[in-house]
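In: Turn this into a structure:
(one chain, ligands or ions: 1)
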Amino acid sequence: METSIATLNQKSVNTPSVSETQVIGLFGFGTVGRGLYHVLEQSPTTKARIKRVCIKNSEKERDLPQSLFTTDAQSLLADEEINLIVELIDNATDAYHIVKSALLAGKSVVSGNKTMLAHHLEELIALQQETGAALLYDASACGSIPVIRNLEEYYDNDLLLSIKGILNGSTNYILSRIFTDGQNYSDALKRAQELGFAESNPSFDVEGLDALYKLIILTVHGFGTYVHPQQAFNYGISNLGQPDIRYAREKGLKLKLVATLAKLNKERFTLFVMPTFVKPDEYIYNVEEEYNGVVIEGAFYEKQFMFGKGAGGFPTGSAVLSDITARFHDYRYEYKKRSYFSPLAYTTNVLVEVYLRYTSPVDLDLFGFTEISEKYSSREYSWVIGKLRLSSLISIKELLPKLNVFLAFTGNVEPNGTGGNNE
Ligand SMILES: NC(=O)c1ccc[n+]([C@@H]2O[C@H](COP(=O)([O-])OP(=O)(O)OC[C@H]3O[C@@H](n4cnc5c(N)ncnc54)[C@H](OP(=O)(O)O)[C@@H]3O)[C@@H](O)[C@H]2O)c1
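Out: Just a heads-up that it's a prediction; the model follows:
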């Protein structure tokens, strides 16, 4: 009891008085930066104001006074009045330097940059500890859905078993067009691009990288372990063809691009991003269009489901606003699964059951199936259902999108024997 009173007293000492205002140096004024500006205007009780905005192109027309904008990053980072940096740019390398410089200058940071975080989180966690400055980034994974903060605060115990989610809105929109409207992949992609849900170069979304980067961030908060993107498997939907769509339909299933994080036993977990067959009784079956959905499973509480907008200027801006107000109350991630638990070890020595459609037996041989349970062959194509090691998939990860094959996860994963190492 005494300890908790002491903790409370300590907290109230650290909490800023309500008259203090956060003075923000904003980097980036694109979709999310502008969204944040708008959301902040609609939230008059938030004690925060944007003092300066750093952008890349000084020639671009803006609908706010030019005096607000600068291309000089240093003028924000060195401004003593600015006590919070909000980083919302689209360049991961520049973002890394901005965030690192801000933390080193003792300024706390809010970021939405999943690519930057997925590559540098380990170092940025250490920097927060060294400098005392905080880094919040709930907008980086699933836009407006507060998954990270919930993993940190609510799922901060041993019970978490898995996270399974649709973390990318563009691909989900494409798959909705295919499975609900009967469009083919290229028409659905074109429509997604017309509506601004997919970039003109869509590979970041459709090859599963965006979902992987988000999953890596969630893993740090879910199981305490950082996994570099190169060590993890992502495979997307760009090779999805009519035979695969027909197969799913005949079985009463849908294909979704799903990020899977699964605890295997007390010591180990695995993760990957793959198109996945989803049954009608699964929560994510009905997540359609550009929405995201995340199922969190644990011992005793079973499955819980979070659903919402994973992208867009206003939804993502609202997540950034939530991090800004969290900083007002001195909130920081404690990285509880790293600080108070033994983080689980990542393993790729697991057997995953997959559907593989192929035309050449040479391609089939590349996968090293350990077991095949179903086979189909026609003159045009063949498919198999079988088990293979995740490490085998990682070894051909770069080659896979170039092959005339399509791969999808059936939902079954199991440890491979008693071993298990981080290969
Ligand atoms: N869009 C979404 O729905 C969404 C959702 C979740 C997370 N995010 C993340 O949020 C971040 C921003 O995304 P966005 O969609 O808003 O991007 P965006 O619309 O392309 O805007 C990018 C902005 O960054 C500025 N910029 C680029 N490099 C810069 C640099 N070195 N210094 C200063 N400013 C720089 C650009 O300046 P100019 O205006 O001069 O070109 C532009 O204002 C990304 O990390 C993205 O992954 C986006």
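In: Where does residue 97 sit, in terms of helix or strand?
Out: In the assignment (DSSP states H and E), residue 97 maps to helix 92-104.
In: can you check residue 357 too?
Out: strand 350-358.
In: now do residue 327
Out: Per DSSP H and E: helix 313-328 holds residue 327.
In: and that helix, what does it pack onto?
Out: strand 22-27, helix 31-41, strand 48-54, strand 84-87, strand 108-111, strand 135-136 (3 or more Cβ pairs under 8 Å, 6 or more residues apart in numbering; DSSP states H and E). All C-beta atoms are positioned from the backbone trio N, CA, C, and that covers glycine.
In: rerun that using 6 Å as the cut-off
Out: When contacts are defined as 3 or more Cβ pairs under 6 Å, 6 or more residues apart in numbering; DSSP states H and E, helix 313-328 packs onto helix 31-41, strand 108-111.
In: is that helix anywhere near the ligand?
Out: Yes. Applying Cβ under 6 Å from any ligand atom, one finds helix 313-328 touching the ligand at residue 316.
In: All further residue positions should be reported with the first residue as 23.
Out: Sure thing, new numbering starts at 23, so read that last one as helix 335-350.
In: which residue packs closest to the residue of the stretch 23-172 of the chain found nearest the ligand, ignoring adjacent ones?
Out: The stretch 23-172 of the chain approaches the ligand most closely through residue 52 (1.8 Å), counting by Cβ to the nearest ligand atom. Closest residue to residue 52 apart from its sequence neighbours, by Cβ to Cβ, 6 or more residues apart in numbering: residue 112 at 6.4 Å.
In: so how far is residue 144 from the one you found?
Out: Separation of residue 112 from residue 144 (Cβ to Cβ, to the nearest Å): 23 Å.
In: hang on, the earlier thing: orientation of the helix holding residue 349 relative to helix 53-63 in degrees?
Out: Using axes from the mean of the first three to the mean of the last three Cα atoms, to 10 degrees, the inter-axis angle of helix 335-350 relative to helix 53-63 is 60 degrees.
In: sec struct for whichever residue of the stretch 273-422 of the chain sits closest to the ligand, please.
Out: Nearest to the ligand, among the residues of the stretch 273-422 of the chain, is residue 333, at 3.2 Å (Cβ to the nearest ligand atom). Taken by DSSP: H, G, I helix; E, B strand; the rest coil, the conformation at residue 333 corresponds to coil.
In: Spell out which residues of the stretch 23-172 of the chain are next to the ligand.
Out: So the stretch 23-172 of the chain meets the ligand at 49-55, 76-79, 82, 95, 110-113, 116, 134-136, 161-162, 165 (Cβ under 6 Å from any ligand atom).
In: Now the buried members of the residues you listed.
Out: Buried members of those, counted by 16 or more other Cβ atoms under 10 Å: 49-51, 53-55, 76-77, 95, 110-111, 116, 134-136, 161-162, 165.
In: quick revisit: could you verify that the residue nearest to residue 52 is part of a strand?
Out: No. Assigned with three-state DSSP, residue 112 falls outside any strand and is coil.
In: any idea how far residue 266 is from residue 388?
Out: 18 Å.
In: With residue 144 instead?
Out: To residue 266, residue 144 is 37 Å away according to Cβ to Cβ.
In: and those two? which has more neighbours close in?
Out: Using other Cβ atoms under 10 Å as the criterion, residue 144 and residue 266 rank with residue 266 on top: 23 against 13.
In: ok, and that one, which helix or strand is that part of?
Out: Here residue 266 is assigned to helix 264-272, by DSSP H and E.
In: List the pairing partners of whichever helix or strand comes after that helix within its sheet, with orientation.
Out: Moving toward the C-terminus from helix 264-272, the next helix or strand (DSSP H and E) is strand 276-285. With DSSP bridges as the test, strand 276-285 is paired with strand 182-188 (antiparallel), strand 290-300 (antiparallel).
In: Just say helix, strand or coil for the spatially closest residue to residue 251 that is not a sequence neighbour.
Out: Of all residues not flanking residue 251 in the chain, residue 140 sits nearest, at 5.5 Å (Cβ to Cβ, 6+ apart). Under three-state DSSP, the three-state class of residue 140 is helix.
In: got the residues of the stretch 223-372 of the chain near the ligand?
Out: Within reach of the ligand by Cβ under 6 Å from any ligand atom, the stretch 223-372 of the chain has these residues: 333, 334, 338.
In: Can you mark which positions in stretch 179-187 are buried?
Out: Neighbour-count burial for stretch 179-187 [16+ other Cβ under 10 Å]: 182, 183, 184, 185, 186, 187.
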